[in-house]
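>>> Next input, structure requested:
(chains A, B, C and D)
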There are 2 protein chains.
Amino acid sequence: MGQKTAAPRPALCPPPTTERQEARRRGILSATTRLASRGGFDAVQMRAVAESSNVALGTLYRYFPSKIHLLVATMQDQLEQLHDTLRKRPPTEADPSARVAGTLMRAFRAMQREPHLADAMVRALTFADRSVSAEVDAVSRLTTTIILDAMGLGGPPTAEQLSVVRVIEHTWHSVLITWLSGRASIAQVRVDIETVCGLIRP
Amino acid sequence: MGQKTAAPRPALCPPPTTERQEARRRGILSATTRLASRGGFDAVQMRAVAESSNVALGTLYRYFPSKIHLLVATMQDQLEQLHDTLRKRPPTEADPSARVAGTLMRAFRAMQREPHLADAMVRALTFADRSVSAEVDAVSRLTTTIILDAMGLGGPPTAEQLSVVRVIEHTWHSVLITWLSGRASIAQVRVDIETVCGLIRP
DNA sequence: GGTTAACCTGAAACACGTTCCAGTGGCTTG
DNA sequence: CAAGCCACTGGAACGTGTTTCAGGTTAACC
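The predicted structure follows:
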């Protein structure tokens, strides 16, 4: 986390992505997930990721310009999987507020299954500075979508509803951090999530 | 942020704190604040802090076992000052929810005045792992106290009120991060704070 | 004044994120 | 086939957080 120079590296994502490169990218993300699932944030060491995905260090940095970028991309990946799962088996609660709370608790249980991975991803997400804002924003939009889906309102959300969703998202991130650093019990996580979901509708 | 070994260093805070040591501690914190007010998190370099407070690097580490500890202690310091200020001039709004929102917006304006300092402190706070949980917890308790004071309820808070305060605190931290990383405008910060304060009482 | 334990200094060394570069291999283009 | 362009490799090098240690300083106690 030393230097903070802006990215002189040109944008490389959109145009030239061969199949080979996509495979490499998947390999890197998969190695990252594997390493993070063991030791968490600290175990995701760039040299180890490079070696574990059979890629030179320089190449790893060509794909992901920093460790934070790498972990935020991993989070995006995991969130997309979660989103798929949720699409297949959406929450069944009657009340919108209960559906959101249920959805978040489901996500939380997934985190409990892989606490080290969660640690790595969430720490990266909140530690990210401006140079990662585009990627963090993508994650944020995904989260928003997931919550809005769980609310299941018919038309487009009102400005007020968007505020509420943002606050729920804030609480979600922060309560995760609190839990990961051992300062909140699982019961407290549930209570806080249910409390903030009380903002929906009333 | 390399290694993560627990502290083999014995507890040294409570018993033997001479006046000289207290002065040294203040000097370190003051140098930290000064450095952070310029370049933010990255500018708080342990060697620079040591030099700037006329202390050997090893001594700095004796007082604060890591950069994160150092910055969390700085945050605690700043929060105490804020608490004093608030005690002298408490919020004047009639509604508890408005008093809390007003108090937080006042704190937020303080952050706006020193965005780099805010960056350093908040990033440290959310990046802290278990080895700092005691210190982070102290900051959290202070924040809780400030919010409860602003609510100004007569007796001790109910469990439900404590939940609400926790959620407000979550939102406060997370919205700060979002603002610091340039992903939320000041107007949005205000809206989110007012939204979460809607949880008080209704 | 001397002893002793705790603290402090200065400097070296290590770990890991990050950058840089010279060489290599594969691809398209002429 | 030759030339040229890229991405990739392997490895060195740098910056900063953190650890360690040998020796000097301080302060309390006899």
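>>> Go through stretch A:177-193 and flag the buried ones.
For stretch A:177-193, burial by neighbour count (16 or more other Cβ atoms under 10 Å in any protein chain shown) applies to A:177, A:178, A:179, A:180, A:181, A:183, A:184, A:188, A:189, A:191, A:192, A:193. For the C-beta atoms, the positions are set from N, CA and C on the backbone; glycine is no exception.
>>> Show me those residues that map onto helices.
Of the buried residues of stretch A:177-193, the ones assigned to helices by DSSP state H are A:177, A:178, A:179, A:180, A:188, A:189, A:191, A:192, A:193.
>>> nearest to residue B:122, of those?
Set against residue B:122, the nearest of those by Cβ to Cβ is residue A:177 (11.7 Å).
>>> Find me the pLDDT at the closest one, would you?
Residue A:177 carries a pLDDT score of 97 in this model.
>>> if I look at it, how far off is chain B?
6 Å (Cβ to the nearest Cβ, to the nearest Å).
>>> Kindly report the same for residue A:65.
On the measure of Cβ to the nearest Cβ, residue A:65 and chain B end up 16 Å apart.
>>> Ramachandran angles for that residue?
Main-chain dihedrals, residue A:65, degrees, to the nearest 10: phi -70, psi -10.
>>> Residue A:88: neighbour count?
Using other Cβ atoms under 10 Å in any protein chain shown, residue A:88 is surrounded by 6 other residues.
>>> Over to the one 3 residues further on?
Close neighbours of residue A:91, defined as other Cβ under 10 Å, add up to 19.
>>> pLDDT score for the nearest residue to residue A:127 once chain neighbours are set aside?
Distances taken as Cβ to Cβ, 6 or more residues apart in numbering or on different chains place residue B:127 nearest to residue A:127, at 4.9 Å, with adjacent residues excluded. As predicted, residue B:127 sits at a pLDDT of 97.
>>> Can you verify my assumption that residue A:48 contacts residue A:38?
No: proximity of residue A:48 to residue A:38 does not meet the contact threshold set by Cβ atoms under 8 Å, at 10.2 Å.
>>> More neighbours: these two, which one.
residue A:48 (15 against 11).
>>> do the strand or helix carrying the more buried one and DNA strand C meet?
Per DSSP states H and E: residue A:48 is located in helix A:46-52. Yes: Helix A:46-52 reaches DNA strand C (Cβ under 7 Å from any atom of the strand) through A:46, A:47.
>>> what does that helix rub up against?
For helix A:46-52, contacts defined as Cβ atoms under 8 Å, 6 or more residues apart in numbering or on different chains pick out A:28, A:31, A:32, A:34, A:35, A:56, A:57, A:59, A:60, A:61, A:67, A:70.
>>> what residues are up against the second one?
Read that as residue A:31. So residue A:31 contacts A:49, A:52, A:53 (Cβ under 8 Å, 6+ apart).
>>> Same question for the first one.
Residue A:28 sits next to A:49, A:53, A:55, A:60, A:63, A:64, A:70 when contact means Cβ under 8 Å, 6+ apart.
>>> again, only using 7 Å
A:49, A:53, A:55, A:60, A:63 (Cβ atoms under 7 Å, 6 or more residues apart in numbering or on different chains).
>>> What separation is there between the residue nearest in space to the middle of chain A and residue B:197?
The centroid of chain A falls nearest to residue A:75 when counting by Cα atoms, centre = their mean (3.5 Å). Per Cβ to Cβ, to the nearest Å, residue A:75 is found 29 Å from residue B:197.
>>> again with residue A:167
Per Cβ to Cβ, residue A:167 is found 10 Å from residue B:197.
>>> Within the helices and strands, which one has residue A:69?
Applying DSSP H and E as the criterion places residue A:69 in helix A:67-88.
>>> Is any residue of that helix near DNA strand C?
Yes: using Cβ under 7 Å from any atom of the strand, helix A:67-88 reaches DNA strand C at A:67, A:68.
>>> So what touches that helix?
So helix A:67-88 is contacted by A:29, A:32-33, A:36, A:44, A:46, A:64, A:103, A:107, A:110, A:120-121, A:124-125, A:127-128, A:132, A:135-136, A:138-139, A:142-143, A:146, A:149 (Cβ under 7 Å, 6+ apart).
>>> Now do the helix or strand following that helix: which elements does it pack against?
Per DSSP H and E, the first helix or strand lying C-terminal to helix A:67-88 is helix A:96-113. Contacts defined by 3 or more Cβ pairs under 7 Å, 6 or more residues apart in numbering or on different chains; DSSP states H and E place helix A:96-113 against helix A:67-88, helix A:133-151, helix A:159-180, helix A:186-197.
>>> Which element is encountered next along the chain beyond helix A:96-113?
Taking DSSP H and E, what comes next after helix A:96-113 is helix A:115-127.
>>> Distance from that next one to the middle of the chain?
8 Å (Cα atoms, centre = their mean, to the nearest Å).
>>> thinking again about what came up before, which one of the buried residues of stretch A:177-193 is nearest to residue A:161?
In terms of Cβ to Cβ, no member of these lies closer to residue A:161 than residue A:193, at 17.6 Å.
>>> Just the pLDDT for that closest one.
As predicted, residue A:193 sits at a pLDDT of 97.
>>> What of residue A:155?
Predicted confidence (pLDDT) for residue A:155: 88.
>>> residues contacting it?
By Cβ under 7 Å, 6+ apart, residue A:155 has no neighbours at all.
>>> any idea how far chain B is from it?
Where chain B is concerned, residue A:155 sits at a distance of 20 Å (Cβ to the nearest Cβ).
>>> Mind telling me what element that residue is part of?
Here residue A:155 is assigned to no helix or strand, by DSSP H and E.
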